[in-house]
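Visitor: Any chance you can model this:
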Amino acid sequence: MPHPIVEISELTQVVIDHCLLLGNGRSLASLACTCRAVEEQALSTLWSEQSSLETLIKSTLPPGILHPSNPLPGPTDADWDRFRRYASWMRRLVLGRDCFQSVMSLGLTGGFLCPGLRDLDWSAGRHTFSLHWILLSPKLTRLSLSYSAVLRPPSERDLSIFRSAIMGLDTSLLQFLSLQWWITGETDEQMESLASSVVLRCGAALEQLWIPAPLSDTAVQHIMQLPNLRAWGEVKCGPPKTPDLTLPTIFPRLDYLSLSRQVSLEWITFLTTTARRISSGQDSHPPLNHGPVQRLGRLEAFTSVNLDAVFISPILLFCQLTSLRLNSDCCPVEGCGFSLTDDDIVEIATALPRLEKALLGIACSHNSCQTTTASLVSFSTHCRDLKHLEFHFNTANIRNDLESVSTDPRLDGLPSLRTRDTFHLSLSGAPYTIGEDDVMPVLRGFLRIFPSLNKISGHYAPWKDLNLRLREA
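Guide: The predicted structure follows:
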């Protein structure tokens with residue numbers, strides 16, 4: 001008779017979760033062997049997430065079965081039954097350059113390998129990709145697939161296998177899709193054709209999409225209409241050249257958008273122009289149906305041009321943003337690509353008061369940008385929910401600048417108990433002007449602007465020294 005406690009699955013799960021916390025799974029395996037009443041629940045938890053197939057193979061198939069010189073006959077029906085039973089409990093599987101292809105070559109037939117698998121993350125190489133991977137599961141909801149054949153061009157057979165497998169992918173149930181490939185000799189036209197064919201088969205369930213590849217206009221317009229798409233990352237294709245102006249809305253639920261440097265300006269201009277067209281009544285649709293300009297919460301844009309007021313201006317229409325990341329290139333010869341001024345930052349902070357995270361600019365060897373500590377005051381006084389600020393500003397006279405802005409009367413009304421997780425500073429150059437006598441005045445200046453500051457970090461040693469003093473304070 002099993003102990004009465006095992007008849008209560010919730011209590012059994014508490015014991016199972018405790019075994020998981022102990023480490024390597026041996027405790028959970030031992031628990032599964034103690035009682036048939038808990039075996040199924042314990043083993044399904046133990047095998048639900050695996051980082052390779054190696055453990056499954058060692059636990060179910062004869063030793064050395066995959067070794068090239070193995071003289072033994074292949075797995076028996078009983079071996080495969082045990083293999084299938086354990087594999088059926090898998091819900092998430094991470095595959096690398098392991099023995100998946102070899103397993104399939106042993107002759108496993110008759111259905112899907114992991115019928116319960118929902119989440120697959122596979123980093124495939126030129127010699128490890130196989131058409132058999134589509135037999136892993138019929139019901140994937142999350143797929144992250146990367147394929148690398150960079151060191152030398154793959155054979156036409158390898159490419160054919162890869163393309164056939166991608167074309168055979170069932171995307172109808174996917175909620176998350178990430179496809180990345182690096183193939184020597186693959187042209188933009190080939191990538192566009194392959195990526196577009198995948199996108200056009202994505203269904204209404206898709207919520208997150210990462211395909212850093214060129215896409216056709218038809219594929220882009222299909223993405224724009226996915227009803228549940230919340231995140232589109234690593235966008236390397238431009239907006240449609242001939243947009244369908246009869247669409248009732250675009251990106252109806254998009255919350256996160258990450259734009260590569262080649263297309264960021266095109267997309268921002270396209271989105272804001274579309275919003276203005278709809279809002280001004282140039283078509284028959286209600287003015288609130290203008291997609292991400294109305295709803296977008298997180299925006300990342302990388303640009304190879306100067307980050308200036310012209311680039312920023314349309315972004316100010318995204319009034320619901322809670323996270324904004326804008327990076328520009330800095331060239332050792334041409335100088336700093338961060339061309340915003342303190343006045344521009346005032347406009348950003350005023351237009352986007354909901355910001356919780358702002359990352360503007362990247363550190364470079366120049367100390368020539370026009371933004372100063374006055375911009376920090378703008379963020380602090382307008383963006384009251386800000387928790388993370390990484391900012392590119394001129395540090396040439398940081399102590400004097402901080403002492404000057406500390407007298408701003410707007411800082412008197414700041415609540416002293418605001419929650420700030422971190423305060424990141426991305427600097428234009430090493431703050432050489434910070435000497436030992438400057439450390440505490442500079443620290444007091446930052447605390448005046450950000451009363452609940454609990455972390456300072458940067459790319460140079462003086463900022464680490466400031467953070468140590470902050471911890472001691």
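Visitor: all contacts plus neighbour counts: C-alpha atoms, from now on.
Guide: OK.
Visitor: who does the helix ranked longest in the chain touch, helix- and strand-wise?
Guide: Ranked by residue count under DSSP state H, the longest helix found in the chain is helix 264-279. Contacts defined by 3 or more C-alpha pairs under 8 Å, 6 or more residues apart in numbering; DSSP states H and E place helix 264-279 against helix 292-295, strand 298-303.
Visitor: For those, give me JSON lines that also has mean neighbour count.
Guide: Shown next, in JSON lines, are these (neighbours: other C-alpha atoms under 10 Å):
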{"stretch": "helix 292-295", "mean neighbour count": "24"}
{"stretch": "strand 298-303", "mean neighbour count": "21"}
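Visitor: Ok, which of the ones you listed comes nearest E156?
Guide: E156 lies closest to strand 298-303 among the helices and strands packed on helix 264-279, at 35.0 Å (C-alpha to C-alpha).
Visitor: tell me the angle that closest one makes with helix 264-279.
Guide: With axes from the mean of the first three to the mean of the last three C-alpha atoms, to 10 degrees applied, the angle from strand 298-303 to helix 264-279 works out at 130 degrees.
Visitor: how much space is there between the residue nearest to I456 when sequence neighbours are not counted and V439?
Guide: Among residues not flanking I456 along the chain, N467 sits closest, at 5.0 Å (C-alpha to C-alpha, 6 or more residues apart in numbering). Per C-alpha to C-alpha, to the nearest Å, N467 is found 10 Å from V439.
Visitor: How about the contacts made by the nearest residue to S88 once chain neighbours are set aside?
Guide: Nearest non-adjacent residue to S88, counting by C-alpha to C-alpha, 6+ apart: C114, 5.0 Å away. Counting by C-alpha atoms under 8 Å, 6 or more residues apart in numbering, C114 touches R84, A87, S88, W89, M90, L136, S137.
Visitor: Filter those down to the ones in helices?
Guide: R84, A87.
Visitor: Closest one of the contacts of C114 to V293?
Guide: Checking the contacts of C114 against V293 by C-alpha to C-alpha gives S137 as the nearest, at 37.8 Å.
Visitor: what's the neighbour count on that closest one?
Guide: Using other C-alpha atoms under 10 Å, S137 has 20 other residues around it.
Visitor: isn't it right next to G116, touching?
Guide: Yes - counting by C-alpha atoms under 8 Å, S137 does reach G116; the two are 6.8 Å apart.
Visitor: if we can go back for a sec, what number of residues lie near the residue nearest to I456?
Guide: N467 has 18 neighbours, counted by other C-alpha under 10 Å.
Visitor: any chance you could read off phi and psi for it?
Guide: With angles defined as degrees, to the nearest 10, N467 sits at phi -60, psi -40.
Visitor: which residues sit against the helix or strand hosting D465?
Guide: Under the criterion of DSSP states H and E, D465 resides in helix 461-472. Helix 461-472 has contacts (C-alpha under 8 Å, 6+ apart) with P431, I434, V439, M440, L443, N454, K455, I456, S457, G458.
Visitor: Can you check these and name whichever has the most neighbours?
Guide: Top of the contacts of helix 461-472 by neighbour count (other C-alpha under 10 Å): I456, with 22 neighbours.
Visitor: Relative to L46, how far out is that one?
Guide: According to C-alpha to C-alpha, I456 and L46 sit 41 Å apart.
Visitor: in stretch 309-322, what's buried?
Guide: For stretch 309-322, the buried set under the neighbour-count rule, 16 or more other C-alpha atoms under 10 Å, comprises A309, F311, I312, P314, I315, L316, L317, F318, C319, Q320, L321, T322.
Visitor: how long is it end to end?
Guide: Using C-alpha to C-alpha, one end of stretch 309-322 lies 20 Å from the other.
Visitor: Now do the same for the most centrally placed residue in the chain: helix, strand or coil?
Guide: Geometric centre of the chain, nearest residue: G233, 7.1 Å, by C-alpha atoms, centre = their mean. Recorded secondary structure, G233: strand (DSSP: H, G, I helix; E, B strand; the rest coil).
Visitor: pretty sure it is touching L259, no?
Guide: Yes - between G233 and L259 there is a contact under C-alpha under 8 Å: 7.0 Å.
Visitor: hmm, back to that, can you dump the C-alpha coordinates of the longest helix of the chain into CSV?
Guide: Extracted C-alpha coordinates of helix 264-279, given in CSV (Å, rounded to 0.1, in the frame of the first residue of the first chain):
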residue,chain,number,x,y,z
SER,A,264,15.7,51.4,-38.5
LEU,A,265,15.0,54.8,-40.0
GLU,A,266,12.9,53.3,-42.7
TRP,A,267,10.6,51.5,-40.3
ILE,A,268,10.3,54.4,-37.8
THR,A,269,9.3,56.7,-40.6
PHE,A,270,6.9,54.1,-42.1
LEU,A,271,5.1,53.5,-38.8
THR,A,272,4.8,57.2,-37.8
THR,A,273,3.7,58.2,-41.3
THR,A,274,1.0,55.5,-41.3
ALA,A,275,-0.1,56.6,-37.9
ARG,A,276,-0.4,60.2,-39.1
ARG,A,277,-2.3,59.1,-42.1
ILE,A,278,-4.8,57.2,-40.1
SER,A,279,-5.2,59.8,-37.4
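Visitor: what mean pLDDT does that helix have?
Guide: The average pLDDT for helix 264-279 rounds to 80.
Visitor: any idea of the angle it forms with strand 231-235?
Guide: Using the same axes, to 10 degrees: helix 264-279 against strand 231-235 is 140 degrees.
Visitor: Distance from helix 264-279 to the middle of the chain?
Guide: Distance of helix 264-279 from the chain centroid (C-alpha atoms, centre = their mean, to the nearest Å) equals 24 Å.
Visitor: how close does P240 get to E390?
Guide: The gap separating P240 from E390 is 33 Å, by C-alpha to C-alpha.
Visitor: Check T407 too.
Guide: Applying C-alpha to C-alpha, the value for T407 to E390 is 23 Å.
Visitor: Comparing those two, which shows the higher neighbour count?
Guide: E390 (22 against 12).
Visitor: Wait, the more buried one touches L360, no?
Guide: Yes - counting by C-alpha under 8 Å, L360 is a contact partner of E390 at 6.3 Å.
Visitor: ok so, going back, from the contacts of helix 461-472, which is closest to D158?
Guide: Relative to D158, the closest of those is G458; by C-alpha to C-alpha it sits at 45.2 Å.
Visitor: Give me the phi and psi angles of that closest one.
Guide: For G458, the backbone dihedrals are phi -170, psi -170 (criterion: degrees, to the nearest 10).
Visitor: per-residue confidence for it?
Guide: pLDDT, G458: 77.
Visitor: do the same with the one 5 residues further on
Guide: Predicted confidence (pLDDT) for W463: 80.
Visitor: Counting neighbours, what do you get for it?
Guide: Neighbour tally, W463, other C-alpha under 10 Å: 22.
Visitor: My reading is that L20 lies in a strand. Confirm?
Guide: No - if the criterion is three-state DSSP, then L20 is helix and not within a strand.
Visitor: Tell me how far it lies from L11.
Guide: Distance from L20 to L11, counting by C-alpha to C-alpha: 15 Å.
Visitor: More neighbours: which of the two?
Guide: Higher neighbour count among L20 and L11: L20, with 18 against 12, using other C-alpha under 10 Å.
Visitor: now the stretch 101-250 of the chain, which segments are flagged as low pLDDT?
Guide: The stretch 101-250 of the chain contains residues with pLDDT under 70 at 101-111, 125-135, 149-154, 184-188, 243-248.
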